[in-house]
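**Student:** please work out how this folds:
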Amino acid sequence: MSHANALLTPRARLRLARLIVDDHWTPSVAAKMFMVSTVTARRWAARYRAEGPAGMADRSSRPHSMPTKTPQLIVKKIVKARWRRRLGPAQIAGELGLATSTVHAVLVRCRINRLSRIDRVTGEPLRRYEHDHPGSLIHVDVTKFGNIPDGGGWRFLGLVQGEKNRQATARRTGQPERTLRARVGTAYVHTVLDDYSRVAYTEICADEKAPTAIGVLRRAVASFAERGVIVERVLSDNGSAYKSHAWRDACTDLGITPKKTRPYDPRPTARSNASTAPSPTDGRTPGSTPQRPNDARPCPAGSTSTISTGDTPRSATRPSADSTTCLDITPSRSPRIDVRRRRKLRDSRHSKDALRRGRASAQRGWFERSARRGPASTRCPARQ
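**Tutor:** Got it, this is the predicted structure:
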């Protein structure tokens, strides 16, 4: 759909219709003024008489009937072949005597065009993990982001101005001075996500300690309560803030059951991304990141708390119980062992290179000495 100020969009249609109906212009003159045909002008005038200003909006272009639509019986056969035998569009089309494009269109319409969306055991569309009502489970997590200097960073303004903004921001926030590059700090985005409705509550704070996480949880629970949602469980990772006794006591006070994810489990909890991450709205400078105090009190002016609905991706999902998933949860080796191994490999590589160079040098010297001595017949005539 085009924008509202373009030629003959809802606003222009209303002007055209009012000229003909209210001001009694002839359709030909009004059509010439708006550079459209007379038939078009009459059509919008008739719709204005019948429906008023509401009739100027676009209508659906979907036909009322489709005589050539694939019959429901054929659709059932296509879906059955896809579910039971995992056949592709070309194979199904060959069996049923249909066009491949028709079969593919049916599979897309039924949302089974990809085998990854079908359960391997039951053959039905894959349904992801989800609780049955809002507030049954909420996910909490913290994501770190580097602060943007006041006025913008070097990627937008260049190295010179970006470094000036970094230094000014560091002086304003009281960061320790550095000779090479000033620090602007780190923002910790605390996200609370409802498992059923995917409504996200986020706050930008200055740390990820237990008092701060508890304060975010209390404010998130209050925010959900204002919308009629009672929180029953909270799922978190095994971070230090969520493993503390203070977090457990806070959940008990709020009547919430705390739960933890399994160690080394790749399935994430709530994560901040482009759709859930809050944007600074204090209006100071575009691209600057507000600072937060290191306590659990509500964030002062300049902080950002957002509620996003519908756009949050379903990141906290689990495979179905029937599907088979192989996970490699072997912990990595100690950094000290890795350093020792790298040193041994480096030393052995250097030794092999030196040996190879020595052999090449010895061989080259032998050839040079042989060339200086001349042929064997001149060097040892007695052997002839």
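**Student:** so where do the strands sit in this protein?
**Tutor:** Under the criterion DSSP state E, the chain carries strands at the ranges 138-146, 186-194, 200-205, 233-236, 257-260, 305-308.
**Student:** so who does residue 110 touch?
**Tutor:** Remark: with contacts taken as C-beta atoms under 8 Å, 6 or more residues apart in numbering, residue 110 is in contact with 75, 79. In this view, the C-beta of every residue, glycine as well, is placed from N, C-alpha and C.
**Student:** returning to that earlier point: quick one: which of the strands of the chain is nearest residue 61?
**Tutor:** Of all those, it is strand 305-308 that lies closest to residue 61, at 31.4 Å by C-beta to C-beta.
**Student:** any stretches of the protein with poor pLDDT?
**Tutor:** 1-5, 120-129, 177-181, 264-360, 362-367, 369-384 (pLDDT under 70).
**Student:** go again with 50.
**Tutor:** 274-287, 291-337, 378, 381-384 (pLDDT under 50).
**Student:** surely residue 137 touches residue 234?
**Tutor:** Yes. Counting by C-beta atoms under 8 Å, residue 137 does reach residue 234; the two are 7.5 Å apart.
**Student:** which neighbours do the two share?
**Tutor:** residue 259.
**Student:** could you pull out the helices for the stretch 101-250 of the chain?
**Tutor:** 154-157, 159-173, 210-226, 245-254 (DSSP state H, counting those that start in this stretch).
**Student:** can you add distance to residue 12 and give these back as TSV?
**Tutor:** As requested, the helices of the stretch 101-250 of the chain are exported to TSV (distance: least, C-beta to C-beta, whole Å):
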stretch	distance to residue 12
helix 154-157	38
helix 159-173	44
helix 210-226	42
helix 245-254	55
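**Student:** out of those helices, which comes closest to residue 87?
**Tutor:** Residue 87 sits nearest to helix 210-226 of all the helices of the stretch 101-250 of the chain, at 46.0 Å, using C-beta to C-beta.
**Student:** show me what the closest one is packed up against.
**Tutor:** strand 138-146, strand 186-194, strand 200-205, helix 245-254, strand 305-308 (3 or more C-beta pairs under 8 Å, 6 or more residues apart in numbering; DSSP states H and E).
**Student:** closest one to residue 67 among the strands of the chain?
**Tutor:** Residue 67 lies closest to strand 305-308 among the strands of the chain, at 43.6 Å (C-beta to C-beta).
**Student:** show me what counts as buried in stretch 131-140.
**Tutor:** Of the residues in stretch 131-140, 134-140 count as buried by neighbour count, 16 or more other C-beta atoms under 10 Å.
**Student:** could you do stretch 35-52 as well?
**Tutor:** 36, 41-42, 44-45, 47-48.
**Student:** kindly report the same for stretch 78-96.
**Tutor:** For stretch 78-96, by 16+ other C-beta under 10 Å, it's 78-79, 81-83, 87-89, 92-93.
**Student:** that stretch: end-to-end distance?
**Tutor:** Using C-alpha to C-alpha, to the nearest Å, one end of stretch 78-96 lies 8 Å from the other.
**Student:** which residues touch it?
**Tutor:** Contacts of stretch 78-96 (C-beta under 8 Å, 6+ apart): 74, 77, 98-100, 102-104, 106-107, 110, 112, 115, 118, 123-124.
**Student:** just the buried ones from those residues?
**Tutor:** Applying 16+ other C-beta under 10 Å to the contacts of stretch 78-96 flags 74, 77, 98, 102-104, 106-107, 112, 118 as buried.
**Student:** ok, back up a step: widest-spaced pair of the contacts of stretch 78-96?
**Tutor:** The largest separation in these, counting by C-beta to C-beta, is between 99 and 124 at 26.0 Å.
**Student:** now the end-to-end length of stretch 229-244.
**Tutor:** Using C-alpha to C-alpha, the two ends of stretch 229-244 sit 26 Å apart.
**Student:** what sits up against that stretch?
**Tutor:** So stretch 229-244 is contacted by 134-142, 194-195, 197, 199, 208-210, 212-213, 217, 221, 224-225, 247, 251, 254, 256-261, 263, 269, 316 (C-beta under 8 Å, 6+ apart).
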